[in-house]
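>>> coords please:
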Amino acid sequence: MLLDKKRKLGKSLEELAVGDSILLTEKIEDKDLLLYLGLTNDNNPLYIQHDYAAETAFEKPVVPAIMLAGIVSSAVSKHLPGPGAYIREQHFQYPKPLYHYDTISIELILKEIKREQSEVTISVEGKDSKEEIVLKGTIVAVPPTHPL
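The predicted structure follows:
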């Protein structure tokens, strides 16, 4: 664990600007899905059983929406605004499913800075390898504050 290690804080409100962005790409592997399923005890066969999914309208296993939200949360925590940021609010839509073994590219763009509320609004858009939108929405985050 990193209990004794001093970590650098992410960008403060003053260091951020409208238009700041990050693009990340992640390939969804079996190990990722199995970790999610083990952690949450979510046993929906649509997520992991190929024979079951073949009998549905999806035809093959889909990635759980909450996993995609977790990737976004991780991007906020690591990059924009970065370590020390807190997600106050999130709104997502999942217009199309993301399937196993596909790659998702997620772009986060800082759209608004509310200095009075000490928060930022970030737009989120995720596309699969066919460039189809599989995730869109917004995050309201509180950037880290540096000690006085």
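
>>> please count neighbours and contacts with C-alpha atoms only from this point.
Noted.

>>> list the contacts of the longest helix along the chain.
Using DSSP state H, we find that the single longest helix of the chain is helix 65-78. By Cα atoms under 8 Å, 6 or more residues apart in numbering, the residues outside helix 65-78 that reach it are 10, 24, 36, 82-87, 92, 94, 106, 124, 135.

>>> per-residue confidence at the residue most central in space within the chain?
Centroid check for the chain by Cα atoms, centre = their mean gives Val72 as the closest residue, at 1.3 Å. Note on Val72: pLDDT of 95.

>>> quick revisit: check the offset of the longest helix of the chain from the chain's centre.
Between the centre of helix 65-78 and the centre of its chain there are 2 Å (Cα atoms, centre = their mean, to the nearest Å).

>>> for that helix, list the C-alpha coordinates in CSV.
What follows is helix 65-78, C-alpha atoms only, in CSV (Å, rounded to 0.1, in the frame of the first residue of the first chain):
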residue,chain,number,x,y,z
ALA,A,65,-22.0,-0.5,-18.1
ILE,A,66,-20.6,0.0,-14.6
MET,A,67,-17.2,-1.2,-15.8
LEU,A,68,-17.2,1.6,-18.3
ALA,A,69,-18.1,4.1,-15.6
GLY,A,70,-15.2,2.7,-13.6
ILE,A,71,-12.8,3.4,-16.4
VAL,A,72,-14.0,7.0,-16.6
SER,A,73,-13.7,7.3,-12.8
SER,A,74,-10.1,6.1,-13.0
ALA,A,75,-9.3,8.7,-15.7
VAL,A,76,-10.7,11.4,-13.4
SER,A,77,-8.6,10.1,-10.5
LYS,A,78,-5.4,9.7,-12.5
